[in-house]
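Participant: Model the following, please.
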Amino acid sequence: MITIKSTKQIEYMRHAGSIVFETHKRLEEAIKPGVTTKELDIIAEKYILSQGATPSFKGYNGFPANICTSVNEQVVHGIPSLKALKDGDIISIDIGVNYKGYHGDAARTHPVGTISEQAKKLITITRESFYEGMRYAREGNRLSDISAAIQQYVEKQRYSVVRDLVGHGIGSQMHEEPQIPNYGKAGRGPRLRAGMTLAIEPMINMGKYQVKVLPDEWTVVTTDGSLSAHYENTIAITHNEPALLTQVTE
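Facilitator: Got it, this is the predicted structure:
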């Protein structure tokens, strides 16, 4: 069942989203060659707890860390470790925050030092595909209008859309209905209504769209070893433009 949020509930989610946003800013400043993903995890945890909130991911279905750190061919759900980042890497960071029982969720992909022009373009296209999809996140549209817009934009740029993983509803639970694929035909699925809150998250590969899970049972990687990027925000459907809940300014 898709839940419709009250104004008060959306305000809690907006506050959670502002903490997500500020955490991302702090990690972006810390990302450089030689830094370990475990160090980034510690920075995130300290800041989130200092804001009277808790990391949504810690312990979620047994996940062992506060944030997801996915490097290069890792698509999502990478576990922070003592392995240091290298110049030329790209890293996708996914952060969830629980504030007063309501969640905010956002992901970004960052360069580490100097990266290739191809990697820069992948990051840019992934970010832009989110906004292409969000254009259709309006009251009265169908859910798959968002999905179709993302796929069409990405494939026009000759990248591929991960199909085994999707965006999701969000609110008092980290993952709620509906599932939000990043591909598909327009005009399908439930109608969007004011008060719906959605985490839209394109995961885009430079190569083919197929992925697999590593033996740690969490980390998802591209099967062909190509680079992958991730961009996500939590939004609310309104009677007008969709409201970005995890972006203060950018």
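
Participant: what's Glu201 in contact with, if anything?
Facilitator: Asp105, Ala107, Phe130, Gly167, Ile180, Asn182, His230, Tyr231, Glu232, Asn233 (CB atoms under 8 Å, 6 or more residues apart in numbering). Just so you know, the C-beta spots here come from the backbone N, C-alpha and C atoms, and that holds for glycine as well.

Participant: What helices and strands are in contact with the helix or strand where the second one lies?
Facilitator: Per DSSP states H and E, Ala107 falls inside strand 102-111. Where contact means 3 or more CB pairs under 8 Å, 6 or more residues apart in numbering; DSSP states H and E, strand 102-111 is packed against helix 7-30, strand 90-99, helix 117-134, strand 228-230, strand 233-236.

Participant: Try it again at 6 Å.
Facilitator: Judged by 3 or more CB pairs under 6 Å, 6 or more residues apart in numbering; DSSP states H and E, strand 102-111 is in contact with helix 7-30, strand 90-99, strand 228-230, strand 233-236.

Participant: Neighbouring strands - and their directions - for the third one?
Facilitator: Strand pairing for strand 228-230, using DSSP bridges, gives strand 203-205 (antiparallel).

Participant: Give the buried residues for the partner strand.
Facilitator: For strand 203-205, a neighbour-count test (16 or more other CB atoms under 10 Å) marks Met203, Ile204, Asn205 as buried.

Participant: re earlier: just the helices and strands packed on strand 102-111: most buried one?
Facilitator: Mean neighbour count, computed with mean count of other CB atoms under 10 Å, is highest for strand 228-230 among the helices and strands packed on strand 102-111, reaching a mean of 28.

Participant: And the contacts of that strand?
Facilitator: Contact with strand 228-230 is made by Val75, Val76, Ser92, Ala107, Thr109, Leu122, Ile123, Thr126, Met203, Ile204, Asn205, Thr222, as judged by CB atoms under 6 Å, 6 or more residues apart in numbering.

Participant: quick one: it to chain centroid distance?
Facilitator: 9 Å (CA atoms, centre = their mean, to the nearest Å).
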